[in-house]
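> would you be able to build a 3D model of this:
(3 chains)
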Amino acid sequence: MTILRLAVRNLRGAGIRTWLNAFALSLAFVAIIFGQGLLQGMNRQAEDASVAWQYGGGQYRQENYDPHDPLTLEAARAPLPPELRALAEAGRAAPVLIIQGSIYPGGRMMPVQVRGIPPDQRVVAIPTAALAGDGEVLPVLLGARMAQAAGLEVGDYVTVQWRDARGAFDARDARVAEVMRTSVETVDKGIVWVPLARLQELTGLADAATLVTVERGLRRPPAVAGWDFRGPDYLLADLRQMVRSKSAGQALMFGVLFLLAMLAIFDTQLLSVFRRRREIGMLVALGMTRAQVIALFTLEGALHAVLAALVGAVYGAPLFILLGRHGFTVPGGDTWGFAIGERIHPAYTAGLVLGTTALVFVVATVVAWLPTRRIAKLRPTDALQGRGG
Amino acid sequence: MNICFWFAVLAIAAVEPPDGNALLARVDANIGSNGKVIVSEMIIQGRRGGRSVRTMSWVSGTDRAFTEYLAPERERGTKMLKLGDRLWTYSPQSDRTISISGHMLRQSVAGSDLSYEDMMEDPKLTNLYSAEVVGPDSVGDRPAWLLELKARAEGVAYQRRRLWVDRERDLILREERLSAAGRLLKTMEVLSVGRYEGRWLADRAVFRDALREGGGTEIRIDSIAFDVVIPEHIFSTASLRR
Amino acid sequence: MLAFLAKGLLRDRSRSLFPLLTVAVGVSLCVLLDAYIRGARDGILRTTASFVSGHVRVTTRAAAREGVGASNELALLDAAALQDELERDHPGVDWTPRIRFGGLLDVPDSAGRTRAQTPIAGMAVDLAPDGPERRILNLEQALVSGRLPEAPDEVLVAAELARRLELGPGDRLTLVSSTMHGAMAVHNFILAGTVRFGITAMDRAAMLAPIEGIRPALDMADAADEILGFLPRFQYDDREAARLAAAFNTGRGEGDDEFAAEMNTLRTASGLGGMMDLIDYASALIVGLFVVAMSVVLWNAGLMGSLRRYGEIGIRLALGEPKGAVYRALLAESLLIGLVGSALGTLVGLGFSYYLQEVGFNIAGMMQDATMVMDDVIRARIAPPSYIVGFLPGLLATFAGAAISGLGVYRRQTASLAKEFSG
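Numbering: from 1, shown residues only, chains lettered A, B, ... in the order given. As a prediction, the model looks like this:
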């Protein structure tokens, strides 16, 4: 306790230098938490968006469906089995029927996937309500990227062509009912959303679906013959892999930042030990063991980290809370190729803050301790006269 | 008086619509033959200009056809064999016979407005469609019957067609291919007709994809011979590598 | 005067060495970080540049409008002349033609009949051993089996695809595609080797072929879908790319010839503009933050440097040296330390950065599946800002620290000096 009180008093005595060190360290602190929070936030946002727009609580896929091979689509549809139909009717699942087709904006042919989805579904965030109604013209919903690529706007008419269950050509004039903005490219690019029932009727594929997205939090999805259930972990694996490879690079950067902050502590400690030889001699002469003196000095150094945490909290906490709540705008965030929105909300978890703090404390203590080892070599008599070291 | 009478009789006879299916059968009969050998040219309009492909085809009945490319030089010797619903192609450069199936059948032939599937289709329209005469019409200066065709089966690529058939020559002068709901998908227009072995045939026609902008694909018939006896061995995969 | 101060610094290690080292270490970290972030930015753009858009991409106007995936019908003709022209006008840039093609891969059985068929997405590139593509696509690293193609009719396919089709090096396969005019193209190739891309979509369907083999196969003699340009050292510089594009596009194909050549930059061709802005913004922020942190540390070091010499200054004042002279000497010393330390730090930082730039730090090597086209080598990049990003703050902060702490000289009471001296 004495040591602690002494250490605090010494630190206060050092005045501005202590605060500068603490400030430098706090910058590293805040930067690391900010950066990690940013990464976690982006990761979480990307996952959240993918779940919200596409994966829900997982997907049942018709066993022949291979999202990477459009040629399998024709074989990858089947009537909804009773278990899945019950879920869909309860509003807990959204069946999607995927048909290979083309659209002809401005006389140009663009291959697309025509996807039927129930307009009243609430499982995914796609604004399918825009597809409701039973007008003569087929309503279609496009993502903003798709709309841009095809040069279409809300209210425009476009011809959609496909082949029905038996292979006969069919084409309809469709009207763009809505253009949605989504960060999830895979429900946007190359996709034309239409009402499921209309697509089933037009193609003669009554009751058929290619995949069925279930609601979030659906516990123990039943096993259904002929359909493979893919949980969120499976569906998000690619995304997570990408984030992992990005965070490896970030770690290196933080290492450098960290190193700099530690340089400040190391330097301060070195100087302290050098300047305060007399004090050390005195303390030893007064009966402190060398270990106690080392402890005192180490504590002083390590206390910088505590101060840094406090200083960092003063300006960092409001910053984090503000950013976490309101996010910040990313220019062109939707062009990233994976799902983060245009606003990034960094995610600061308790684990992240505590973990970083603990790491800074441990490293600061070690760094503070290193230069004090020479105290052990000091002879009190020399030290008292300001010599040695 | 006599002359007038006969004109009147002709006019009445011409306006009285024939039975649709019977007319369609006559259209099929006009171009149908046990063995046909056709030399034709396909002129394809691309974005960079046109190019042409010359082929010689041996056709037997409705389900066997063998085609050999004569020009351009690059494609000379390429062969195709259709047996029922199966299609093979042989390319001399690679010396490979490749079966074309599924997805590939929907690709366009040589960059034209026609797909392999279009070419594979049963040429006998009466096998696929039932027909009804809508009424008299004309194409250019030729009086014609407008014929509405509805597919008999569900799998037929074009569920509906409209044919303008020359009233005297049993020859299609214009054609529209439509979806079941009546959406126009493809058109064919006859540019010129000629008389071959006593039959009137279209020898120049343009096919267009109605949904897409483009110059279309023109087909010209250079020569055609009917009732040719074609040796059986032609219609075998072995003949592809001949 | 300066020589005197320098001698003092050299002789008194505690006066010189520690502050100097502190400055040097701080500055070198700064330089390293700056180069590292720039390298990381390059890394993020690398995949897009390598596979999609190059640093600049020359295509026909029509193909540029339709984007990647435009039909081969819209390819550039007279590609060799165009490439010559590009190489003549911009000798530092690697220019390389590519053709993208789709179609079916048909695998024959022993009798030559179709054993397996699968759709593929192909890319034809210049695979010459001295050409740039082997390096750009990281092919040697990515090879899973066999070897790289050496003849025009040898190709690579994705290892996963080869596994599914039960193909191995030396096997014969046939590409069924269409020529740039739309005619059917059937061509035989031999599988030279298999590669792993590290991108799911490509690992399932990709085929890489020598462009001199694909040209005759697709009737594309002297044609190319695109000619990609890669800036020196494979480092994307938006301004330089924009300059190249502007110079190329000026006065070319006036009017509305949709087959006239047009150059686009990675930024415009890939749609990654927004992401690049974000990276630039974030890197400026991080480097700025770091410079501030370092300045604080060095400022602090400057402060301490003066404090350390409390006694010495007392003596000098007692001996009658004017306060102004002592202060100026302190400033001059700090300037010297800042100068030497910053220079040293910049050198060391550049040294590390250079190593990272040339050799790189391979995180993929630490992961299991290191064999792939997508390399995970972390690289740094030295650019003009590297030379000053550490140097200037290093110098200024040290100086500022000394200037502020040195003010204490003026506060010292002559009367108390003797006491301090004896104490």
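> OK, now which residue of chain B is nearest to chain A?
In chain B, the residue that lies nearest chain A is B:Glu213 (3.2 Å; CB to the nearest CB). Any C-beta I mention is one placed from the backbone N, CA and C, and that applies to glycine too.
> may I have the secondary structure class of that residue?
The three-state label given to B:Glu213 by DSSP: H, G, I helix; E, B strand; the rest coil is coil.
> and the pLDDT for it?
Note for B:Glu213: predicted pLDDT of 79.
> now A:Leu80
With respect to pLDDT, A:Leu80 scores 91.
> give me the neighbour count for it.
A:Leu80 has 22 neighbours, counted by other CB atoms under 10 Å in any protein chain shown.
> dihedrals phi and psi, it?
The phi/psi pair for A:Leu80 (degrees, to the nearest 10) reads phi -60, psi 130.
> and if you look at A:Pro221?
Dihedral angles (degrees, to the nearest 10) for A:Pro221: phi -60, psi 140.
> wait, isn't it in contact with A:Gln59?
No: counting by CB atoms under 8 Å, A:Pro221 stays clear of A:Gln59, with 9.7 Å between them.
> mutual contacts of the two, please.
A:214, A:229 (CB atoms under 8 Å, 6 or more residues apart in numbering or on different chains).
> closest point of the stretch 51-200 of chain A to chain B, which residue?
Closest to chain B within the stretch 51-200 of chain A is A:Gly107: 3.2 Å, counting by CB to the nearest CB.
> apart from its chain neighbours, what residue comes closest to that residue?
B:Glu213 (3.2 Å; CB to CB, 6 or more residues apart in numbering or on different chains).
> which ones are touching that neighbour?
Going by CB under 8 Å, 6+ apart, B:Glu213 touches A:106-108.
> how about residue 124, secondary structure?
With no chain named, the answer covers chain A. Three-state call for A:Val124 (three-state DSSP): coil.
> wrong chain, I was asking about chain C
At C:Ala124 the chain is in strand, as set by three-state DSSP.
> do B:Leu191 as well
Following three-state DSSP, B:Leu191 is assigned to strand.
> wait, doesn't it sit right on B:Val206?
Yes: taking CB under 8 Å as the definition, B:Leu191 is a contact partner of B:Val206 at 6.3 Å.
> what sits in contact with each of those two?
Common neighbours of B:Leu191 and B:Val206, counting by CB under 8 Å, 6+ apart, are B:Glu218.
> of these two, which one has the most company?
A count of neighbours by other CB under 10 Å puts B:Val206 above the other of B:Leu191 and B:Val206, at 17 against 12.
> what residues does that one make contact with?
Applying CB under 8 Å, 6+ apart, we find B:Val206 in contact with B:188-189, B:191, B:216-219.
> and which of those residues is nearest B:Ser108?
Using CB to CB, B:Thr217 is the member of those that sits closest to B:Ser108, with 8.8 Å.
> what's the burial count for the closest one?
With neighbours defined by other CB under 10 Å, the count for B:Thr217 comes to 25.
> where's the residue positioned nearest the centre of chain B relative to A:Gly101, distance?
Centroid-nearest residue in chain B, with CA atoms, centre = their mean: B:Pro123, separated by 6.9 Å. Look at B:Pro123 and A:Gly101: by CB to CB, to the nearest Å, they are 28 Å apart.
> leaving out sequence neighbours, find the closest residue to the residue in the stretch 51-200 of chain A positioned nearest to chain C.
The minimum distance from the stretch 51-200 of chain A to chain C, using CB to the nearest CB, falls at A:His68 (5.1 Å). Nearest non-adjacent residue to A:His68, counting by CB to CB, 6+ apart: C:Arg204, 5.1 Å away.
> residues contacting that neighbour?
Applying CB under 8 Å, 6+ apart, we find C:Arg204 in contact with A:68-69, C:158, C:160-161.
> that one: what secondary structure?
With three-state DSSP as the basis, C:Arg204 sits in helix.
> is it true that A:Ala197 touches A:Pro118?
Yes: counting by CB under 8 Å, A:Pro118 is a contact partner of A:Ala197 at 7.3 Å.
> can you pick out the residue with more neighbours from those two?
Using other CB under 10 Å as the criterion, A:Ala197 and A:Pro118 rank with A:Pro118 on top: 20 against 16.
> helix, strand, or coil at the residue in the stretch 251-400 of chain C that chain B sits nearest to?
In the stretch 251-400 of chain C, no residue comes nearer to chain B than C:Phe259, which is 7.1 Å away by CB to the nearest CB. Following three-state DSSP, we place C:Phe259 in the coil state.
> could I get the contacting residues of it?
B:48, C:60-62, C:74, C:77.
> and it, how far is that from B:Gly46?
The gap separating C:Phe259 from B:Gly46 is 12 Å, by CB to CB.
> how about the helices in chain B?
Ranges of helices in chain B, per DSSP state H, are B:2-15, B:20-31, B:116-120, B:125-128, B:237-240.
> the residue of chain C found nearest chain B in helix, strand or coil?
In chain C, the residue that lies nearest chain B is C:Gly182 (1.6 Å; CB to the nearest CB). Judged by three-state DSSP, the three-state class of C:Gly182 is coil.
> from A:Arg374, how far off is it?
Going from C:Gly182 to A:Arg374 by CB to CB gives 82 Å.
> which residue of these two possesses the greater neighbour count?
Counted by other CB under 10 Å, C:Gly182 and A:Arg374 do not tie: C:Gly182 has more neighbours, with 21 against 16.
> next one: phi and psi at the more buried one?
As for C:Gly182, its main-chain torsions (degrees, to the nearest 10) stand at phi 100, psi -10.
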